[in-house]
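Student: Give me the fold of what follows.
(chains A, B and C, ligands or ions: 3)
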Amino acid sequence: MITVTIDGKEIKLEKPVTVLEAARSAGIKIPTLCWHEQLERYGGCRLCLVEIEKMPRLQTACTFMVADGMVVRTETEQTANVRRGILEFLLINHPLDCPVCDKAGECELQNLVGKYGPAKGRYKEKKRKVPESLEDPIIVRNMERCIMCTRCVRMCEGVQGASAIDVISRGGHSHIEPFSGGKYDCEYCGNCISVCPVGAIMSRLHRHSFRPWQMENEIETICPYCGVGCTLIVQVRDDVIKRVVPRIGSVVNNGLLCTRGRFGYEFVGSKERLTTPLVRIAPKTQSGVGSQESTLSQPPFDKGGSQGGVISELFREATWEEAISLVAKKLSEIKEEYGNPAIAGIASPRCTNEDNYIFQKFMRVALGTNNIDSTARTGFAGAQSFIENIFGQGATANIISGLSNSDLVFVIGGDPTTVNPILGLQIRACSRNGGNILTIGNFKGLEYFSPQKLVPVLYTEDILLEGIVTVLKNKKRLSDANSKLEAKIKDISTSIEDVKNICKIEEKDFNEFLNILSESTNPSIVIGKETAQSNGASYKLLLLSAINYLINGRLYLLSDRANEQGLLDMGCAPDILPGYRPVSYVESKRRYESIWESELPGKTGLTIFEMVNAAKNGSLKAMYVMGENPVYNLPDSKTVEAALRNIEFLVVQDIFLTETGKLADVVLPALSWAEKDGTFTNMERRIQRLRKAVNGNGMEDWRIISEIARNMGKKFDYSNAEDIFNEICKASPLHKDLTYEDIEKGGGIYPYKGEPLRDGMEEIQVHNAERLSVNGKLYLRIERPLFHSGTLSRRAPALVKIYPEAVVRISPDTAKALSFKEGEVVRVSTKIGSIELPVVIDKALDNFSVMLTNNFEGKSAYRLMGYDIEPVTRASVLDGNTVAIEKAGL
Amino acid sequence: MEKVLLKNIENPNSADINEYKKIGGYRSLLKAFDYKPLDITDIVKKAGLRGRGGAGFPVAMKWSFAYADTKFPKYLLCNADEGEPGTFKDRPILEKNPHLLIEGMVIAGYAIGAQYGYIYLRGEYPGAYHILNKAIAQAYENNFLGDDILGKGIKFHLAVHRGAGAYICGEETALIESLEGDKGQPRMRPPFPVNVGVFAKPTVINNVETLSNIPLIIEIGDEEYSKIGSSDCPGPKLYCVSGHVEKPGVYELPMGTILRDIIYKHCGGIKAGKNLKAVLPGGITTPVLPADKIDCPMDFVSMPKHGSMLGSGAVIVMDETVCLVKVCHRALKFLEHESCGKCTPCREGTGWLRSILERIENGEGVEGDIELLLSVSGNMLGKTFCPLGDGAASVVQNFIKHFRNEFEEHIKDGKCKFKSLRV
Amino acid sequence: MLSKAAIKELNEIRQKYPDASAALLPALYIAQREFGYLGADAYEAVSDALGVPRAIARGVGTFYAMYKHKPMGRHIVQLCTNVSCMILGAEKLSDFLKNKYGLETGGTTPDKRFSLVIMECIGACGTAPAMLVDDDFYENLTEKYIEEILEKYK
Ligand SMILES: Cc1cc2nc3c(=O)[nH]c(=O)nc-3n(C[C@H](O)[C@H](O)[C@H](O)COP(=O)(O)O)c2cc1C
Ligand code: SF4
Ligand code: FES
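Tutor: Ligands and ions are numbered 1, 2, ... in the order given. A predicted model of the protein is given here:
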């Protein structure tokens, strides 16, 4: 126990901390500027100098460690004079432009000068003049105002790990710059903005549009983008979101945000938002006939209004009453005429648990079908159920921050720093804490974190993984704890020769990798969507499960949508009911029948891909799409489009008129994430509260559906999201007895009070796919960029400014072989289509791959990608799409 | 006194290992290996060797701290940054007697348990870089460096790391940062380099001259060694004298030689029969001494008692034609240029002081400027992160303390009367 | 891109350090030699070679006075003007360089033959005034001597 006296107060401490921390623990505030609780100690600004008895010099409280018996004085005449002196130094070159500075009101320098008194104007020389840098579309840099606390640099390098900015030059010439000196080439997390104490680094999104004290409301909610589920503070003025900031201390992201969370909010106020229900007037023609195809790739709206241009040719506006009764009537008729299996619904990983719960209940109770699925089917759903079948429910529900405490993180199938950026930071932190990063493949975002890489030839990952299992199982003893899995492990074996010859991995690298892997005591395995969507995915997942078992690790499954986990937990899948209870279990079915007071269909429904096929062959007559854009977000999107055109009655409920919406018979405007209450469940299976921040036109998804259900004579009486949540927690055995209150108190973390599903696991099935041989061809693969996330990010101007257009990425060797220059426009073609795009040469790419994102209308990867279905996980397999690129115009 | 550090340097081939061996080189190394590491530290302690880099810190104390730390590997760094203006004492060792330094480093490495050493050489000594690299290669060939030195099972590897023009890298923690490939900005202490130094390992940093004393101490023993120079500050010392003396240069003299004697006896007095005005006795950041205050023994202990510091032993002699406002201004210009920018008072204060001095020197000073100089430097003194900022403040305060009238005259006359005298 | 020889040299230097990033200063010297000065290309080459983020490489490079950030003349005249040299007339010599050769501080002659860099102390105070031309020391300078010296550098 250490006892120190600060300003006469006796403070007892368990372990040595800095004087500053000791003082803060006792409520004594010492002024600081360069110190920041998220950053490493620095001691540069010298503002926190305090008197310490028996020390000849003043000491900086932010760096000096307490010792037993120490006596500290933080506010004396001497310290006040020193601080005035320091502030004078900071002000001699600082412009006095507070009246026009956006930071005024929340500027730490301004506040301190207010406290210690202004300097006396003794500086007669010229102030340093640096023009404001507006070269970047997102971040404005004003180096005149910079006080060189280096908080931004320490954030960028030491926490974010992007190392995109640094202090340039030295001494009085020091200033902060990105590499180019002007525009940033960074991850645009904006965490530098968060920590800048003055107005030197700021966001351009709300430049000169408000003063901090004019903010009317601050709402704590959850980010709409990815499965990490970061807490956002949404700041509102005049019913408009002015700014989104993180909160230090929030559980998942603790004061940090990624680019999407921080800058991606502007879609909420987009002029393109749907405001009234729309009913189709134009006849539906098949794609390729007439002008229909081109309408899809045109901008959805003319400038200046949501109901102009192309749209008014397709739809007329309708009242809610009309639209709702029309939907109810048509669905009832189709159900009557063709039977339940002719109807299907697509749920949304962007909608809340409450929305998704009501959606599946509606499909099952009102329409009597289990034909419910979502884009989670493209990877996450199947991979998770495969893993849970081996290790039990919750196997992937691991705490994200646990990654930084792992001694090893093994990454495969996707760059976590772009798919789930805040999770990616935990991997970087692991490396910084001395942990090992092992990757199968090349991940740019981990480049500076000393990854030990094995990069097998494209489509030979399974052999490498077999090799790893083969070595591991000889190094580790099988414990018989999981006999089902062990039986499988016993059959796995391959030779190092195969690893060397087929994967083209050096034996030395392989051995080193395995030594590190097998010596780890607290490992984590992170699996991305590329693995889940690959040829032979189920076998790879088995191999990864085997590795996980042998090294006793934790599994993380990357998830690129905010509520992918929640949607599954809510039963939005053809084979599961809420709480992840199989439809085929009689007890589950009975349970829900009694709670919902309705008979339920017993037959497993169609997956999203089966729905597309059914639509194509005409057996699917009606479809209800909630908050999803399958024409865009499913591979082979042109086929999907044609299939949906074939549907007799298509309802699309969304916040924008998407590509899918344009095919609809009725379009229903929903509220966006910022306009409603509810919950999301993140990839840790943490349930978190969404809170309404602004008003919107439209209704909550659950409310629209409830209205339709009521119109169909079903009892769907809910007055708010909480009502629904309470029903969920009554019905779902997994969520038993949870309440919003529990969640707010932090009780939303898995395992909840209820029961995970542990019994009734099935045999492990794998599909041994035939290997694709690469022999010199080029393959189209999906790029998952940090800055985009489909339909939402396309309408977020800031994100579009950062990554404005579709590009095709090729390796330097490929570029050389085809003699393409950076920026040159080329035609990219596959069996099913072609698009013209500018080339980007990417050093991180191998010579077999051509990368394209699925984020730009008319130029999306899915327009060019065919797929197979993995028989076990039932996910789409995107491997094997050969591609040709040639100069455009030839 | 017989030359030790500069022994043989008139020999044009003095940097060659064979020439060095001819005059008894590397014999101390053999002898040292017969001692236990701690015994060597003990001998150095009894010899009373203090660091020659400027601070005069007892060498054996540093060594024993590093030896006691349990982390491995350990590092021995030689500070060859020699950046303090006026200092050129290490250069002759580096260029003409590199093997003396290498021998000293191997012994020191053995004493502290370090298996790796680096010589952090200032970028401005390109010649020394090549000479040292060659000398190191020779030492490897002769098995004085390597995994099994002289078959004694002792390992020590040595490399030269070239700085790139930053005075602050002479400060130990900034030197470490720079060696690690970072900006040379000082680190906070604790932890001290002896525990967490370069590559986060225990590290001893000693000056070139300091390490070059080690072979001598081993050769003649602590008793003989401590007879050289001042009693509380023994050993030979390299004084480098520049400015207005007849015979400027590097002088190897016993520690504690009287400043006046250095100037008048050894350096032949003031150039061209002019009068002495002021001396910067240990480099430009040590307090200036007026002509009548130079009867002081030049060692670490005595100099503070006489109002200055030994510093690096760089004696800059200024005659009556020199304008001290200008010298003060030049010193601040240097320190402004070299401020690493980490801490507020130094980053902002050095530039402010320099600009006030510039005004005064240019005849644009106004009443109150001297008070302003004192106040601004007062706001720096004791508040900076490292001694560079303190040094800047103290330069200004000491010039004003001894030569206030010269500053006042500049302001009153609106011009510098020395301008016409300038060479 | 660095030349093959430069990469080989860098790899050898790299072996002297436990961390690749510690080789940054020597790598910047090599890149400066290869590219003439440290511009974006040079920093990117170093960043690729050592795995040091390029913004950091540039931050470090700009901290040190001996790295050049714009094209320089074929020979760099590095004149010391610190106190010992100053009181022995270095400023007059810098005036001389300006008047006779058109060499301004930090500037380059139109024929790209010389660039002038004003140095802080170069450790030749005992033989002041002094300068370095490229890697060679010249001491006890006079105007006439400077003329003779510069003749040697074409
Ligand atoms: C600003 C500053 C510059 C310094 N420059 C040098 C230098 O150039 N050479 C040197 O040996 N020591 C220099 N020192 C002193 C070193 O920090 C350190 O005390 C010395 O290397 C220790 O070696 P020693 O114990 O052998 O003297 C400097 C210190 C400061 C604060
Ligand atoms: S006093 Fe401060 S700014 Fe100056 S060199 Fe030291 S740490 Fe850097
Ligand atoms: S807050 Fe302590 S020095 Fe800046």
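Student: got the residues of the stretch 151-300 of chain B near chain C?
Tutor: For the stretch 151-300 of chain B, the residues found near chain C under the criterion Cβ under 8 Å from any Cβ of the partner chain are B:159, B:161-167, B:178-184, B:199, B:240-244, B:248-250, B:280, B:284. Any C-beta I mention is one placed from the backbone N, CA and C, and that applies to glycine too.
Student: Just the residues you listed: which are in helices?
Tutor: B:S178, B:L179 (DSSP state H).
Student: From the residues of the stretch 151-300 of chain B next to chain C, which land in strands?
Tutor: Filtering those for membership in strands, criterion DSSP state E, returns B:A159, B:H161, B:R162, B:C240, B:V241, B:S242, B:G243, B:G249, B:V250, B:L280.
Student: what's the most distant pair in these?
Tutor: B:A159 and B:G243 (35.5 Å; Cβ to Cβ).
Student: So these two - more neighbours on which side?
Tutor: Counted by other Cβ atoms under 10 Å in any protein chain shown, B:A159 and B:G243 do not tie: B:G243 has more neighbours, with 29 against 16.
Student: Can you name the residues that contact the more buried one?
Tutor: By Cβ atoms under 8 Å, 6 or more residues apart in numbering or on different chains, B:G243 lies in contact with B:V315, B:I316, B:V317, B:M318, B:D319, C:V83, C:S84, C:I87, C:L88, C:C125, C:A128.
Student: Alpha carbons only: can I get the longest strand that chain A contains in CSV?
Tutor: Criterion DSSP E: the longest strand present in chain A is strand A:833-841. What follows is strand A:833-841, C-alpha atoms only, in CSV (Å, rounded to 0.1, in the frame of the first residue of the first chain):
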residue,chain,number,x,y,z
GLY,A,833,-20.6,-10.2,-67.8
SER,A,834,-18.0,-7.4,-68.1
ILE,A,835,-17.4,-3.9,-66.8
GLU,A,836,-14.9,-1.2,-67.5
LEU,A,837,-12.8,0.1,-64.6
PRO,A,838,-9.6,1.9,-63.8
VAL,A,839,-6.6,-0.3,-62.7
VAL,A,840,-5.0,0.0,-59.4
ILE,A,841,-1.7,-1.8,-58.9
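Student: What lies in contact with the helix or strand just after that strand?
Tutor: Next helix or strand after strand A:833-841 toward the C-terminus (DSSP states H and E): strand A:849-853. Contacts to strand A:849-853, defined as Cβ under 8 Å, 6+ apart, come from residues A:458, A:778-785, A:788, A:806-811, A:814, A:828, A:837, A:842, A:845, A:859-861, A:864, A:883, A:885.
Student: Chain neighbours aside, what residue packs nearest to residue 73?
Tutor: Chain wasn't specified; assuming chain A. Among residues not flanking A:R73 along the chain, A:E51 sits closest, at 4.3 Å (Cβ to Cβ, 6 or more residues apart in numbering or on different chains).
Student: wait, chain C
Tutor: Closest residue to C:G73 apart from its sequence neighbours, by Cβ to Cβ, 6+ apart: C:S115 at 3.9 Å.
Student: ok, residues contacting the host helix or strand of that neighbour?
Tutor: Assignment of secondary structure by DSSP H and E places C:S115 within strand C:114-119. Defining contact as Cβ under 8 Å, 6+ apart, one finds that strand C:114-119 is touched by B:124, C:72-82, C:94, C:97, C:101, C:103-109, C:131-132, C:150, C:153.
Student: Where do the strands of the stretch 201-350 of chain A begin and end?
Tutor: Applying DSSP state E, counting those that start in this stretch to the stretch 201-350 of chain A gives strands spanning A:201-203, A:217-222, A:231-237, A:240-245, A:278-280, A:315-317, A:343-346.
Student: give me the element the residue nearest to A:R73 is part of.
Tutor: Going by DSSP H and E, A:E51 is in strand A:49-52.
Student: Buried deepest among the strands of the stretch 201-350 of chain A, which one?
Tutor: strand A:343-346 (a mean of 27; mean count of other Cβ atoms under 10 Å in any protein chain shown).
Student: Run the chain-centre distance for it.
Tutor: Centre-to-centre, strand A:343-346 and its host chain are 26 Å apart (Cα atoms, centre = their mean, to the nearest Å).
Student: Report the distance from the next helix or strand after it to the chain centre.
Tutor: Next along the chain after strand A:343-346, taking DSSP H and E as the criterion, comes helix A:353-361. Offset of helix A:353-361 from its chain centre (Cα atoms, centre = their mean): 21 Å.
Student: For helix A:353-361, give the mean pLDDT please.
Tutor: Helix A:353-361 shows a mean pLDDT of 98.
Student: How many neighbouring residues does residue 40 have?
Tutor: Since no chain was named, I'll use chain A. What A:E40 shows, counting by other Cβ under 10 Å, is a neighbour count of 11.
Student: think we crossed wires, I meant chain C
Tutor: 13.
Student: Which of the three states applies to residue 4?
Tutor: Defaulting to chain A. At A:V4 the chain is in strand, as set by DSSP: H, G, I helix; E, B strand; the rest coil.
Student: List the beta-bridge partners for it.
Tutor: Taking DSSP bridges, one obtains A:I11 as the residues bridged to A:V4.
Student: That one contacts A:M65, correct?
Tutor: No. A:V4 is beyond contact range of A:M65, at 10.3 Å (criterion: Cβ atoms under 8 Å).
Student: The two: which has the busier surroundings?
Tutor: Using other Cβ under 10 Å, the more surrounded residue of A:V4 and A:M65 is A:V4, with 23 against 15.
Student: Which pLDDT value belongs to the more buried one?
Tutor: pLDDT, read off for A:V4, is 97.
Student: In contact with the residue nearest the centre of chain C, which residues?
Tutor: By Cα atoms, centre = their mean, chain C has its centre lying nearest to C:M66, at 4.8 Å. C:M66 makes contact with B:G123, B:E124, B:G163, B:A164, B:G165 under the criterion Cβ under 8 Å, 6+ apart.
Student: before we move on, what about A:T150?
Tutor: Neighbours of A:T150 in contact, by Cβ under 8 Å, 6+ apart: A:C34, A:Y42, A:G44, A:V167, A:I176.
Student: From A:I463, how far out is it?
Tutor: Here the criterion is Cβ to Cβ, to the nearest Å. By it, A:T150 lies 47 Å from A:I463.
Student: Please apply the same query to A:G605.
Tutor: Look at A:G605 and A:I463: by Cβ to Cβ, they are 36 Å apart.
Student: rewinding a little: ok, the residue nearest to A:R73 - contacts?
Tutor: A:E51 makes contact with A:L58, A:V72, A:R73, A:T74, A:T76, A:Q78, A:T79, according to Cβ under 8 Å, 6+ apart.
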